[in-house]
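Student: give me the fold of what follows.
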Amino acid sequence: MSAAFRISPALWDKIHHFASFPQTGVSLQQMVLFGQHPNQGTLLKASQFLAEELPVRLAHRVKELDELPHNLSDMPSIRKVKNWYAQSFEELINFPPVELPQHLRQQLSSTGQDIFLPDSTPNPSLAALQDHDHPLFNLSRLKGNSNGIGNVKLRVPLERSARYYAKSSSIDWPPSVLDYNARFTRMLDAIKRRHDPTVTTVAQGNAKNIGLDIQAWLDRFYMSRIGIRFLIGQHVALNTQQPHKDYVGIICTKANVHDIVQEAIENARFVCEEHYAMFKGPPVQLICPPNLIFPYVPGHLSHICFELLKNSLRAVVDRFGHDAQDEKPYPPIKVIVVEGKEDITIKITDEGGGIPRSAIPLIWTYMYTTMTGQSIDQDFQASDFQAPMAGFGYGLPLSRLYARYFGGDLRLISMEGYGTDVYIHLNRLSSSREPLP
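Tutor: Okay, the predicted model is just below:
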């Protein structure tokens, strides 16, 4: 269906109109509090928030995709992604609103019994956005102004627009509300599936020979994509999954860091052994309190650790050889996890030879890889969480975006000739709002 989709002039007008509004960031803490006790009333409010917020976010991205320099906007892969975003935008703005009786509308808009969500705080890892040379801020080389800064229309902040309705569970919701929530959820799930291959499709545009302006745009684009998929995934989970005492949607309120990292270790070693046809890959030592828990999205943390561990395993094997296990054991990769007042920090240390100092700036750019002979097949449709051992050059920059999304960060220190230390900082306070580009 999307292959034949075309953006009409009328749709373009609507896209530009919605792109004139700023985006509304949410925090992990707000999402947990809002979804703790879901009922048809709170799910309806969540649907109404997404019906307003997602078109704004999608419109910003469509506008930017259409304004890329270097003729990138004309590339078939970029046009395909732009049409996906425009089609999803059109479906959202044309979705019919729910019809409610007058007394229910009054109860939903009443402020007497509302409990407001706590304020979110600015994302600390992106304080450098105040520097116009920072790659997530500087789009001066892009045409136009599509970042929502300037002459934008104001919207009510989330803390005041999305209240948690503590007493809405006592309301007898009509079948039309249940039907609306179910249909809206099905539409969001279809949109999420449509956008599954976005990362690999954009990569087919081959931005490796493009300047820093496109690298900055990719940071913005993929950060926005993480946010859109998180909001959709959270809403779909609240509407379709059975309640669990430790989960609010896809957010685990008691995410066990030890268990998540251990699973990532096992998965990364399995991929390494499969890739190199080894009986046993380099050992990985995990030093972590067994009961360290905090609210987080397990899928995000697992993805970050998995990608970084793959890099370390590959570096060790490449340095010491595929058959080092027979002559001399591989030096172990160490994963150390500590808890501070603000952050939970995960340090991954390897003896894989390190990275030359001149290459350090390149490792955060897309399409940079030290593995030769790798390319993306035009029919490759894998999502973010399905990847080979190495080769596309997206692992590190995407992992850093996932860490930064909830106020964390990812830093790397290398000692050429010895190995590399990578630090994953996770904001344990969960109050940072999304760093919306």
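Student: ok, residues contacting the host helix or strand of Leu396?
Tutor: Taking DSSP states H and E as the definition, one finds Leu396 inside helix 395-405. If you take Cβ atoms under 8 Å, 6 or more residues apart in numbering as the criterion, helix 395-405 is touched by 123, 125-126, 199, 218-219, 222-223, 226-227, 230, 300, 303-304, 307-308, 310-311, 363-366, 384, 387, 409-410, 412, 424-426, 434-435. Every residue, glycine included, has its C-beta placed from N, CA and C.
Student: residue ranges of the helices in the chain, please?
Tutor: Applying DSSP state H to the chain gives helices spanning 9-19, 28-35, 40-66, 76-93, 102-109, 158-161, 175-194, 198-203, 212-240, 257-276, 298-320, 324-327, 395-405.
Student: tell me what angle the last one forms with helix 28-35.
Tutor: Between the axis of helix 395-405 and that of helix 28-35 there is an angle of 60 degrees, by axes from the mean of the first three to the mean of the last three Cα atoms, to 10 degrees.
Student: dump helix 395-405 to PDB, keeping only the CA atoms.
Tutor: Coordinates of each C-alpha in helix 395-405 appear next as PDB, following Å, rounded to 0.1, in the frame of the first residue of the first chain:
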ATOM      1  CA  GLY A 395      25.700   0.100  16.600                       C
ATOM      2  CA  LEU A 396      27.600   2.700  18.600                       C
ATOM      3  CA  PRO A 397      25.700   5.900  17.600                       C
ATOM      4  CA  LEU A 398      22.300   4.200  18.000                       C
ATOM      5  CA  SER A 399      23.300   2.800  21.400                       C
ATOM      6  CA  ARG A 400      24.300   6.200  22.500                       C
ATOM      7  CA  LEU A 401      20.900   7.600  21.500                       C
ATOM      8  CA  TYR A 402      19.100   4.900  23.400                       C
ATOM      9  CA  ALA A 403      21.200   5.700  26.500                       C
ATOM     10  CA  ARG A 404      20.500   9.400  26.100                       C
ATOM     11  CA  TYR A 405      16.800   9.000  25.500                       C
END
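Student: now it: average pLDDT?
Tutor: In this model, helix 395-405 has an average pLDDT of 93.
Student: do you know how far the residue nearest the centre of the chain is from Cys252?
Tutor: Nearest to the geometric centre of the chain sits Ile226, at 2.3 Å (Cα atoms, centre = their mean). Computed with Cβ to Cβ, to the nearest Å, the distance linking Ile226 and Cys252 is 17 Å.
Student: one more: Ser27?
Tutor: 16 Å.
Student: who's in contact with stretch 349-369?
Tutor: Here stretch 349-369 has contacts from 203, 206-208, 215, 218, 312-316, 318-319, 331, 333-336, 390-394, 396-397, 400, 412, 414-421, using Cβ under 8 Å, 6+ apart.
Student: out of those residues, which are buried?
Tutor: Buried by 16 or more other Cβ atoms under 10 Å: 203, 207, 215, 218, 312-316, 319, 331, 333-335, 390-394, 396-397, 400, 412, 414, 419-421, out of these.
Student: rewinding a little: out of the contacts of helix 395-405, which are buried?
Tutor: With burial judged by 16+ other Cβ under 10 Å, the buried subset of the contacts of helix 395-405 is 123, 125-126, 199, 218-219, 222-223, 226-227, 230, 300, 303-304, 307-308, 310-311, 363, 365-366, 384, 387, 409-410, 412, 424-426, 434-435.
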